[in-house]
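> Fold the following.
(one chain, ligands or ions: 1)
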Amino acid sequence: MNKIFLFLLFASLLTVSCVRKSTTDTKVKKGKYNVLFLFADDQRADALGCAGNPYIKTPNIDKLASTGMQFANTYVMGGHHGAICAPSRAMLMTGKSLFHVYDKMDGKLTMPKYFAQHGYDTFGTGKWHNGANSFEETFQRGENVFIGGMCDHFNVPCRSLKKGVEKLTKPVKKGFSTDLFIDAAKDFISEYGEGGNENPFFCYVAFTAPHDPRSPREDYIGMYKDDETPLPGNFKGLHPFEFDNMNIRDETLAPWPRTPEIIQASIADYYGLVSHVDDRIGDLIDLLKQKGLYDNTIIVYAADNGLAIGSHGLLGKQNMYEHSTRVPFIISGANIPEMSSKDALTYLYDIFPTLCEINELPIPEGVDGESLLNVINGESNAVRNSIYTVYRNTVRAVRKDDWKYIKYPQRNHIQLFNLKSDPLEINNLAELAEYKEKISEMDLLLNEWYEAVDDTATINPDKFLPLEYDHTKLKQTPDVHQPQYVLDRYFKGVDLSKVKKSKH
Ligand SMILES: [Ca+2]
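Have a look, this model is predicted:
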């Protein structure tokens, strides 16, 4: 009996001392952990070394994945307008699906607010795309907070929310985005615990990278050589058909047809922005270790949406291809098995209930997301058997097993891809008679999702718009946030006389 007890004691001590060092057969050790939530902007799921990209350098995020779990099939549900970032963040923060929150968070229960109600100290820095009010309602403190969708990385309007003060300060311009946000988080963590405070913390760091402008800090320019940067396997000069406004902002940042040279240069700069984020995450994790906080902190790395950046002739996230809807999601800490990965179909809005369960908080009412704890513990392979994604009233998609079905209701057009044999979604099988049954099955599933999530689009319109479009009528136009580096590099020969320029 004593021997068994001693073995169990030894085993439990081993478990405690081996946080993030365990290999197999481990389960999440529930408890009140600190949460460090790292959230990138517009990062494709494949723009990480740990996701199998052999070219990009992200050693610190790769290490997070190797000391924890990586989800290979996490999606943003989509958006009801072009700025997918806003509804994506509203879903993440409330745990609700798109049609239950849209991008409106005022008065809603958010993840940090809920954690604060359970004794956590909450802090936010970086991008907040859902209005100042909801930031003020959500966090106890904030530094270098950027309220908005995008900015020049070198001129970020930063605001502060001081402890005990209800309102954010007026914005002051500072730079460079990634450094500002990491430095603010470092200051928060450095000061954490002062005065004997033992509350766990929830620290949210929302980068504006690698969102455009694709203008890395000077020392990251040229880290990736333009002519050596691989093009996406599904690169195209033009998208083969029109399905929505092809002149939406994201799509105006390069000429039509896209050229391999400009796409390679864009990806080189995009990867530079990601590697900068990665380097600074390394600094932040070093600080956690120095402060003795690392073993008691859950670290999440995710992004709000993906990006086309040359895939399928597109640049943005306003489509339902995998590159735009699938996002990175890594979770490390709480004895989550290291070097583990999961294929479960998941949404960003599953993270809220997952963190609740790991931290022993009841999942609040009205949360649509599913806790992934059983998947993390290997007790279940899935929390849902299909995924539904949407963009405005113009695109609907459903994924089940290896199959992906995209419907363009206003164009009377569909696509069917087998993601196992065709992960880049190049070969549309919808025209082939042998897939008629599969299409009926997927269409039925799409309609079930439409009902289940209270979708509001008209997916069976009376008349249809054409698929054909004239790409020569599309414009290449920078916005005010594009600095001179971007104008010089990407807008040669474009009439910029009417474009208001950034001061950088
Ligand atoms: Ca985004």
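> Do stretch 273-284 and the ion come into contact?
No. Under the criterion of CB under 5 Å from the ion, the ion is not reached by stretch 273-284; the shortest gap measures 12.7 Å. For the C-beta atoms, the positions are set from N, CA and C on the backbone; glycine is no exception.
> Can you pull out the low-pLDDT segments for the stretch 151-300 of the chain?
Low-confidence segments of the stretch 151-300 of the chain (pLDDT under 70): none present.
> Is the closest residue to the ion within it inside a helix or a strand, and which specific one?
Among the residues of the stretch 151-300 of the chain, His211 lies closest to the ion, at 5.6 Å counting by CB to the ion. Using DSSP states H and E, His211 falls within no helix or strand.
> same question, the one 5 residues further on
Pro216 is located outside every helix and strand, with elements delineated by DSSP H and E.
> domains for the protein, by residue range?
Domain ranges of the chain: 33-384, 390-452, per automatic domain parsing.
> Tell me which of the ones you listed sits most buried.
domain 33-384 (a mean of 20; mean count of other CB atoms under 10 Å).
> Next, the contact list for the residue of the stretch 151-300 of the chain closest to the ion, please.
41-42, 85, 150 (CB atoms under 8 Å, 6 or more residues apart in numbering).
> just Ser340 next, same as before
Contacts of Ser340 by CB under 8 Å, 6+ apart are 68-70.
> And the next helix or strand past the stretch of helix or strand Glu448 belongs to?
Assigned by DSSP H and E, Glu448 falls within helix 436-452. Downstream of helix 436-452, the first helix or strand assigned by DSSP H and E is helix 484-490.
> Can you spell out which helices and strands pack onto the helix ranked longest in the chain?
Longest helix in the chain, counting residues (DSSP state H): helix 260-290. When contacts are defined as 3 or more CB pairs under 8 Å, 6 or more residues apart in numbering; DSSP states H and E, helix 260-290 packs onto strand 34-40, helix 59-66, helix 177-191, strand 297-303, helix 484-490.
> Next, the angle from that helix to helix 177-191.
10 degrees (axes from the mean of the first three to the mean of the last three CA atoms, to 10 degrees).
> just how off-centre is helix 260-290 within its chain?
Put simply, helix 260-290 sits 15 Å off its chain's centre (CA atoms, centre = their mean, to the nearest Å).
> and what of stretch 177-196?
Distance, centroid of stretch 177-196 to centroid of chain: 22 Å (CA atoms, centre = their mean).
> List the contacts of it.
Contacts to stretch 177-196, defined as CB under 8 Å, 6+ apart, come from residues 36, 121, 123, 125-126, 141, 143-144, 146, 151, 153-154, 156, 158, 174, 201, 203, 205-209, 217, 273, 276-277, 280-281, 283-284, 287-288, 291, 293.
> ok, back up a step: among the domains of the chain, which comes closest to Val486?
Comparison of the domains of the chain against Val486 by CB to CB identifies domain 33-384 as nearest, at 4.8 Å.
> Asp103 against Gly82, yeah?
No. Applying CB atoms under 8 Å as the test, Asp103 and Gly82 come out as separate, 11.5 Å apart.
> Now do the longest helix of the chain and strand 34-40, the angle between them.
170 degrees.
> any idea of the angle helix 260-290 forms with strand 297-303?
Using the same axes, to 10 degrees: helix 260-290 against strand 297-303 is 170 degrees.
> Number the chain from 682, please
OK, 682 is where the count begins now, so the last one is helix 941-971.
> Closest one to the ion out of the contacts of Ser1021, please.
For the contacts of Ser1021, the nearest to the ion is Gln751 (20.2 Å; CB to the ion).
> which residues does that closest one contact?
Applying CB under 8 Å, 6+ apart, we find Gln751 in contact with 731-732, 1010-1011, 1021-1023.
> so what's the backbone phi/psi at the spatially closest residue to Lys708 that is not a sequence neighbour?
In space, and not counting its chain neighbours, Lys708 is closest to Asn1058: 4.7 Å by CB to CB, 6 or more residues apart in numbering. The phi and psi values for Asn1058, taken as degrees, to the nearest 10, are phi -80, psi 0.
> Surely Asn1058 and Met750 touch.
No. Because the distance of 10.3 Å does not satisfy CB under 8 Å, Asn1058 is recorded as not touching Met750.
> Go ahead and confirm Val1180 touches Gln1157.
No. With contact defined as CB under 8 Å, Val1180 and Gln1157 do not form a contacting pair (10.8 Å).
> check contacts around Ile944.
912-913, 916, 935, 990-991.
> cool, and Asp723?
766, 891-893, 984-988, 998.
> Give me the residue at the spatial middle of this structure.
Nearest residue to the geometric centre of the chain (CA atoms, centre = their mean): Ala984, 1.6 Å.
> Tell me if I'm right that that residue and Ile1011 touch.
No. The pair Ala984 / Ile1011 is not scored as a contact, 10.5 Å apart, by CB under 8 Å.
> From the ion, how far out is Asn741?
21 Å (CB to the ion, to the nearest Å).
> Give the residue spans of the chain that score low on pLDDT.
Residues of the chain that meet the criterion pLDDT under 70 lie in 682-706, 1181-1185.
> got the residues of it near the ion?
So far as CB under 5 Å from the ion goes, the chain lies against the ion at 722-723, 766, 985-986.
> Kindly indicate which of these lies nearest Val1175.
Taking CB to CB as the measure, Val1175 sits nearest to Asp723 out of these, at 22.2 Å.
> quick check, the closest one in a helix?
No. Remark: Asp723 does not belong to a helix; assigned using DSSP: H, G, I helix; E, B strand; the rest coil, it is coil.
> farthest-separated two in the contacts of His892?
Asp723 and Met831 (9.1 Å).
> what's the overlap in contacts for the two?
In contact with both Asp723 and Met831: 892-893, using CB under 8 Å, 6+ apart.
> and the residue of the chain nearest the ion?
Closest point on the chain to the ion, by CB to the ion, is Cys766, at 3.5 Å.
> how much space between that residue and Val1008?
Between Cys766 and Val1008 the computed distance is 12 Å (CB to CB, to the nearest Å).
> quick one: contacts for the nearest residue in space to Ala935 that is not next to it in sequence?
Nearest non-adjacent residue to Ala935, counting by CB to CB, 6+ apart: Ile943, 5.0 Å away. By CB under 8 Å, 6+ apart, Ile943 lies in contact with 935-936, 1171.
> could you redo the last one with a cut-off of 10 Å?
907, 934-936, 991, 996, 1157, 1170-1171, 1173 (CB atoms under 10 Å, 6 or more residues apart in numbering).
> still on that earlier bit, hmm, which two among the contacts of Gln751 are most spread apart?
Maximum distance among these (CB to CB): 14.3 Å, for Ala732 and Ser1021.
> For the stretch 932-1081 of the chain, which segments are assigned as strands?
978-984, 1007-1008, 1010-1013, 1021-1023, 1027-1028, 1068-1072, 1076-1081 (DSSP state E, counting those that start in this stretch).
> okay if I get those strands as CSV plus distance to Asn1040?
Shown next, in CSV, are the strands of the stretch 932-1081 of the chain (distance: least, CB to CB, whole Å):
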stretch, distance to Asn1040
strand 978-984, 8
strand 1007-1008, 22
strand 1010-1013, 12
strand 1021-1023, 20
strand 1027-1028, 18
strand 1068-1072, 26
strand 1076-1081, 30
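> Kind regards, and thank you for your time.
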